[in-house]
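K.L.:
Dropping a prediction and its sequence here:
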Amino acid sequence: WVIADVEPPPRATDGKDQVEPGHLIHPLKPWTQYAIFVKTLLSAYDEHQVHGAKSEIIYVRTNATKPSVPLDPISSSNSSSQIILKWKPPSDPNGNITHYLVFCQQQPEASDLYKFDYCQKGMKLPSRAPTHLDNEEEHKWNQTDEPGQSGRCCSCPKTDTQLKREAEESEYRKTF
């Protein structure tokens, strides 16, 4: 329990009405239930213990507000005319999420994508941490370790991550 010591308002005097006591409780989390009660205290004097009274506990939920963003959106195409989009719910829903709106817009094709030979020139995927490659390491891109092969290979092998993703997508398609 968080306790707030609230001074009573001044007593009514001639010409002024009695003000009701109150207290603003903050900061609170959105869409969260709280239990609240009020307890009165009296001043003790001459070794006389005077106990106050306690109100009933009331339960109240704060209002909803804008949720945080949906997490980890991933998409894949399962056919020539469909895309599967999956995501995790927001970490802070801040309310009762009733539905999601998914927006989709066709994008123009970049002709450069078809001209670039990824197997010959390699492709560096973006990472969150900056990386620096030596010239020697750059020359190893898409080169074969097979004896008798002359440098670059013709097909890019799939990584463990790609194989795992394909297995997951295949299993996901089987459930539908």
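P.N.:
Looks like it arrived, so ask away.

K.L.:
Tell me, how many residues neighbour Ala35?
P.N.:
The number of residues packed near Ala35 is 9, by other CB atoms under 10 Å. To be clear about C-beta, it is placed using only N, CA and C from the backbone, and glycine gets the same treatment.

K.L.:
Which secondary structure state does it sit in?
P.N.:
Here Ala35 is strand, with the state taken from DSSP: H, G, I helix; E, B strand; the rest coil.

K.L.:
measure it to Ile57 for me?
P.N.:
Separation of Ala35 from Ile57 (CB to CB, to the nearest Å): 5 Å.

K.L.:
Then Leu28?
P.N.:
17 Å.

K.L.:
swap in His99?
P.N.:
34 Å.

K.L.:
neighbour count winner among these two?
P.N.:
Ile57 (9 against 5).

K.L.:
So which bits of the biggest strand by length in the chain are buried?
P.N.:
Scanning the chain for the strand with the most residues, using DSSP state E, yields strand 71-79. The neighbour-count check on strand 71-79 (16 or more other CB atoms under 10 Å) flags nothing as buried.

K.L.:
Three-state assignment for Pro10, please.
P.N.:
coil.

K.L.:
what about the closest residue in space to it that isn't next to it in sequence, how many neighbours?
P.N.:
Nearest non-adjacent residue to Pro10, counting by CB to CB, 6 or more residues apart in numbering: Val19, 7.1 Å away. Neighbours of Val19 under the rule other CB under 10 Å: 11.

K.L.:
Shouldn't Val19 be within a strand?
P.N.:
No. Val19 is assigned coil when assessed by three-state DSSP, not a strand.

K.L.:
Next one: it, what pLDDT does it get?
P.N.:
Looking at Val19, its pLDDT stands at 84.

K.L.:
My guess is it contacts Pro9. True?
P.N.:
Yes. Using CB atoms under 8 Å, Val19 is in contact with Pro9, at 4.0 Å.
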